[in-house]
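Enquirer: Sequence plus the predicted model coming up.
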Amino acid sequence: MKVTKAVQAILRNYESDNPGVKGNLARILMEGKLGGTGKLIILPVDQGFEHGPARSFAPNPAAYDPHYHYQLAIDAGMSAYAAPLGMLEAGADTYAGAIPTILKANSANSLIPDAAFKDQAITASVDDALRLGCAAIGFTIYPGSTMGLEMFEEISEMRAEAAAVGIPTVIWSYPRGEALDKNGETAADISAYAAQIAALLGAHIIKVKLPTDHLSLKEAKAVYEAEKIDIADQTARVRDIMRSAFNGRRIVVFSGGAKKGADSVYDDARAIRDGGGNGSIIGRNTFQRPRADALEMLGKLVDIYKGKA
Amino acid sequence: MKVTKAVQAILRNYESDNPGVKGNLARILMEGKLGGTGKLIILPVDQGFEHGPARSFAPNPAAYDPHYHYQLAIDAGMSAYAAPLGMLEAGADTYAGAIPTILKANSANSLIPDAAFKDQAITASVDDALRLGCAAIGFTIYPGSTMGLEMFEEISEMRAEAAAVGIPTVIWSYPRGEALDKNGETAADISAYAAQIAALLGAHIIKVKLPTDHLSLKEAKAVYEAEKIDIADQTARVRDIMRSAFNGRRIVVFSGGAKKGADSVYDDARAIRDGGGNGSIIGRNTFQRPRADALEMLGKLVDIYKGKA
Amino acid sequence: MKVTKAVQAILRNYESDNPGVKGNLARILMEGKLGGTGKLIILPVDQGFEHGPARSFAPNPAAYDPHYHYQLAIDAGMSAYAAPLGMLEAGADTYAGAIPTILKANSANSLIPDAAFKDQAITASVDDALRLGCAAIGFTIYPGSTMGLEMFEEISEMRAEAAAVGIPTVIWSYPRGEALDKNGETAADISAYAAQIAALLGAHIIKVKLPTDHLSLKEAKAVYEAEKIDIADQTARVRDIMRSAFNGRRIVVFSGGAKKGADSVYDDARAIRDGGGNGSIIGRNTFQRPRADALEMLGKLVDIYKGKA
Amino acid sequence: MKVTKAVQAILRNYESDNPGVKGNLARILMEGKLGGTGKLIILPVDQGFEHGPARSFAPNPAAYDPHYHYQLAIDAGMSAYAAPLGMLEAGADTYAGAIPTILKANSANSLIPDAAFKDQAITASVDDALRLGCAAIGFTIYPGSTMGLEMFEEISEMRAEAAAVGIPTVIWSYPRGEALDKNGETAADISAYAAQIAALLGAHIIKVKLPTDHLSLKEAKAVYEAEKIDIADQTARVRDIMRSAFNGRRIVVFSGGAKKGADSVYDDARAIRDGGGNGSIIGRNTFQRPRADALEMLGKLVDIYKGKA
Amino acid sequence: MKVTKAVQAILRNYESDNPGVKGNLARILMEGKLGGTGKLIILPVDQGFEHGPARSFAPNPAAYDPHYHYQLAIDAGMSAYAAPLGMLEAGADTYAGAIPTILKANSANSLIPDAAFKDQAITASVDDALRLGCAAIGFTIYPGSTMGLEMFEEISEMRAEAAAVGIPTVIWSYPRGEALDKNGETAADISAYAAQIAALLGAHIIKVKLPTDHLSLKEAKAVYEAEKIDIADQTARVRDIMRSAFNGRRIVVFSGGAKKGADSVYDDARAIRDGGGNGSIIGRNTFQRPRADALEMLGKLVDIYKGKA
């Protein structure tokens, strides 16, 4: 597999990492229909944990079967498939070598009392990732939560362990918790801050939500206004996030949240592309649609990232 | 022992597991009167911990003796016998090789203050399971409890340790805690969610309670109604749980709760069978009855799972 | 699985062992056509290591395939199947739970210089046995070899490790080495001595060769003659070996060596049975014959051990 | 990357291995011009250790540079590149993700006294393989050497460690040592025996030399003649080796030895292909030729394995 | 300290190493009068171990004091100072931060019987190197010795440990032992081979002796002649060694052996420089001379490496 110049340029940014970590990043970046472009789309299926099975899979019942998602990711030419331990184990042998997988190593759920909700449980290990042949581990942090510092410590340790054995880390950086109101969770300044924190923690790939044009922190708002930082449209906000991710030296993928209209999904992708983002991590908007619709949508997203749509 | 095609088909779903884990699952699935059918009945006796001896055993005083339960499980042709460390140790030598045992590795009790009740103590280890020749370990989680995340972490670690040495894990997934009211604990959506969480945590066998037709979580209720998910009768609800257990790729056994009329127990079993469930885990309804009655009831349950009653 | 009284009586002799070890001995003793009788026949296939593939499998080419031996052992109703790591791994998933397996943990070969021949290499571990779901480990010692003491130390350590996790040990006790001439290797006194050494090392099952009436050690010869120990026929010699194995408190199985006439194999089995031995470990005499012949021979051996032939 | 049916069929033979090991085997089998066919060609460059730099690289001085070999393997569409630690480290970052690498973990050299020559030094670890992102480790054993048993023990331990973290093992099984004369090292019976030993030790990929029609061991010779095992031509001898590798359940690649005429190399490959072998491991015959010639030869070999030449 | 382009180019060759290792290499390469040129001179003082104190220090008694060597290395503008544990400890506090030190981690001596002479004792650890603030560890191997393989294994392990904590390894690769006669120890082919072995073992800096034009190994001699490899003069031989050190991708320093005339030392340095070598490691020729003479000689060597003399 010749690694393209575009991907080599990205790998050079991970300059302190060993060849094992870079090799796994290359596996993801060279996979699927966007392989070699420096862009990527990841299929994440961890909603069964967070929202329960009915909310996640009932709209498209074939998705109750873990094999469905492996097959969808492969057929759609995705870059990687991310899921918790049980989901991966249920198909890891059948699909060995067929697509890079990302082991989501901590998980939240909607059944725990509100007070504890701003934390997640560690439900898988680096050893699991090696045994299952995963190309990366994934981990959620909640900047803004009382539990945030503890989560930072957890992923710091796990990342170090993973990187030593050649496994990169994807950090889901989701502002949430007592420090933030609902608007704050997706505020432009907070999203950029979340990307920065993930980068500082050593994330190899950063996942954040597409932000709104809201500014949440008073002091940050002052600076955004004084420095005339452009956050007027989605493209500008992606650009602000990318420079917050070490001026683009780290891969950032964006999630779109709950299922919504296809045009809205495409507009998001164009904004990510034009703002210099690396791609999408898109779950519910694909697996909750009928398979044919999901394949069509993902095909269109691929075209957008290739600059053809 | 020729492993039947029905059992081989189940084992193939555990595709990431080593032959040791599959061999122990086969030991359980090939044991007793339902051996080879793909159905199973487990006798669990952990009520001494949770409810104290009098509430558990006084209705049938012979049951104070740990040997009683081993013998009952063997004579009734059960698939396995599950109990805490002390109960197993008190008969493990006498009954070595006589029936697969499941070491219940954590335990609750009624003597601790209510606030802490939604947790359990880890009271046995994987080393104990190996030393005692157990075919599996068992572990209770309380989705819905403040302590839930910690319990998830505990069983994640113990499951990994056990699976590495060929021992499968049975997760008792019992919704309970501050996040749920009494109706919520057995709500249809919550039970399916509990099964999903156990599967995601890597359970090889999942134990949930038979649910009611109540729907507890607002967002889930909306989906159940929008997608017209059938939860009208017990059979339908079992079916919903089975697809929430990786579309039936994981073994699920159902508990019936407190002692009740025999007909009710039989109706439950028919619903489990017809909904595609794998079997029952039935304790108080057997060992609190006189031995002859218990044997009769278990014989009838075997017939039901064989489709003869 | 009700453990028969005959088997329970045997298990009681292993009085210092934990229920895990006894449970695995019970799995072997309750398996197959001799299950429950206290007699056993083990199919060992480690000749590929010791004699090479052509000498081992060319006479019956189907036997080149590791699955062949699993299937033969199952179809013939054997008690267990013993082989080195690679052979077991090549079928352990397909045949998970189908027959107790014994992991041969050290191996000799015919390609090493004569000076080193009286040793074996350790080629598998207790962890392998757990992972592969084995019911026992097997280990060869060469009493009579310079390397003998080191081999004793190796199996002492491995046996302790195995027994702690519930895995019994089968010791292949083969007199060989500088201290013995060719006749000595199968001398009556030496075979009894070899059985004693294995028992002293803590073997749960002892494998020795059927001896001749030769007496090898001068001092032993004197005693055999003074005490008029009967070694006139094979039955008497088996009896002498059994009392040397803690007066029959340890299971002893006998090997018959190279392929020979069927009647000779049957006579051996009758002698083993009548002398109080527990059974046969019979490899080349079965897998080097066509499958139909092997099944017929093993069926006849089962009948002999059941006292019907 | 859709794994082809041909490759999936091969992976199913590794039935006791975890998805990590299978994923890495798939990486190798899906790589390069033979990707997906079930055939493979590996470029090994460990001669610098064994024969010294001049004998290895002077005929084609560009080959003194470690990058040369990475680039040759990639440009020629090889399945994998195998080398000792230093060679891999010198290019592992530049070529991260570009081609599966095999870390040769032990090494011989021509500078040690003859008595010690039949051993190798362990010069790399499983941790190195993870850190460098290798798809496999490689290890040489010398059946026939006094040190053979120790080498078997070394690779048994290292293989177990590697397989647990998802890394397969390639065993170079080279008969050599006091027990064998020069003709014996490449005798037909010895080569088949060497393949069998590697398989029994748990090799995922076996490397042996193409044998001659010589028969070395007296007892084996008798069997080859009695059973009329065909070793008349190279194709027949490859077939005999393949069935000695668990009836083809293990991947076997063949080496051709010292540099020789191109036609001879092609004839070897046709014999490997027609005898059911999986491919070639070809070093000196490629990197000692000028790059253009090497590319032409490797292209032709690819065609042969594809059945086009 | 701006790292020069010449040094950065060298560091880029160490592409699989972490920034810690590269940082320490940079410390050495940027130190002293040759700092930044890519050339280096190391002062080694391990002769006290190997030859005893009188032979080493009596010619210049000030050299009995360990501080003498630190001060000499600093005053002469050396790149690093290498010595065994005791020598370093005796000055490491006084000279903390003053000059990069290399902890010689194994040592030979003249007091052991000849048979054992071809081995060394490990007399310091990576922990010692960290504790003493060393910039590298040093280790001698004896290719050609019966103990060679064991020494390779020792340094493989120690190198991995050191590199993981950011410490590079200098390998003294000294052909010696039963396989070589006296001429062989410094033969051109053997020296190149020794450099290759050190590189393959992962040496960051390789130390070999300047060779003669003798060719020792028959097979190598044939290649040198067939390929017309130029070894006519010292410059050509250095060039041959450099390409044997991964085509110059590894730093190689050359030693000059016993004390000799100054002109001879200068000629050696010019040959090293003109052949593309990186520098000298020069002990007895400096510290056995009066300090003023030593400073003058080292000043002249600096000039030579700068191309001024």
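Expert: That came in fine, so what should we check first?

Enquirer: average pLDDT for stretch A:157-167?
Expert: Regarding stretch A:157-167, the rounded mean pLDDT is 98.

Enquirer: how about the residues of the stretch 201-309 of chain A near chain D?
Expert: Within the stretch 201-309 of chain A, not a single residue sits near chain D (Cβ under 8 Å from any Cβ of the partner chain). Quick note: C-beta positions are derived from backbone N, CA and C, even for glycine.

Enquirer: Spell out the residue ranges of the helices in the stretch 201-309 of chain A.
Expert: For the stretch 201-309 of chain A, the helices defined by DSSP state H, counting those that start in this stretch occupy A:218-226, A:234-244, A:262-274, A:284-287, A:291-305.

Enquirer: Nearest to A:Arg159 among those would be which one?
Expert: Of all those, helix A:234-244 sits nearest to A:Arg159, with 19.2 Å by Cβ to Cβ.

Enquirer: just checking, what packs against the closest one?
Expert: On a contact count with 3 or more Cβ pairs under 8 Å, 6 or more residues apart in numbering or on different chains; DSSP states H and E, helix A:234-244 meets helix A:188-200, strand A:251-255, helix A:262-274.

Enquirer: thinking again about what came up before, of all the helices of the stretch 201-309 of chain A, which lies closest to B:Gly97?
Expert: Here helix A:284-287 is closest among those (Cβ to Cβ), at 46.3 Å.

Enquirer: The closest one packs against which elements?
Expert: Contacts defined by 3+ Cβ pairs under 8 Å, 6+ apart place helix A:284-287 against helix A:53-57, helix A:66-75, helix A:291-305.

Enquirer: between the longest one and helix A:262-274, how many degrees?
Expert: If you take axes from the mean of the first three to the mean of the last three Cα atoms, to 10 degrees, helix A:291-305 sits at 30 degrees to helix A:262-274.

Enquirer: tell me which residues of helix A:291-305 are tucked away?
Expert: A:291, A:294-295, A:297-298, A:300-302, A:304-305 (16 or more other Cβ atoms under 10 Å in any protein chain shown).

Enquirer: Mind putting these into a markdown table with pLDDT?
Expert: Formatted as a markdown table, those follow (pLDDT from 0 to 100):
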| residue | pLDDT |
| --- | --- |
| A:Arg291 | 97 |
| A:Ala294 | 97 |
| A:Leu295 | 97 |
| A:Met297 | 97 |
| A:Leu298 | 97 |
| A:Lys300 | 98 |
| A:Leu301 | 98 |
| A:Val302 | 98 |
| A:Ile304 | 98 |
| A:Tyr305 | 98 |
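
Enquirer: Return only those of the residues you listed found close to chain B.
Expert: The overlap between those and the neighbours of chain B (Cβ under 8 Å from any Cβ) is empty.

Enquirer: Near the residue in the stretch 51-200 of chain A positioned nearest to chain C, how many other residues are there?
Expert: Using Cβ to the nearest Cβ, the single residue of the stretch 51-200 of chain A nearest to chain C is A:Asp93, 9.5 Å away. The number of residues packed near A:Asp93 is 23, by other Cβ atoms under 10 Å in any protein chain shown.

Enquirer: Then A:His214?
Expert: 17.

Enquirer: Stretch A:147-166 close to chain D?
Expert: Yes - residues of stretch A:147-166 are located near chain D by Cβ under 8 Å from any Cβ, namely A:164-166.

Enquirer: Listing request: residues of the stretch 1-150 of chain A with sub-threshold pLDDT.
Expert: Filtered on pLDDT under 70, the stretch 1-150 of chain A yields the residue ranges A:114-117.
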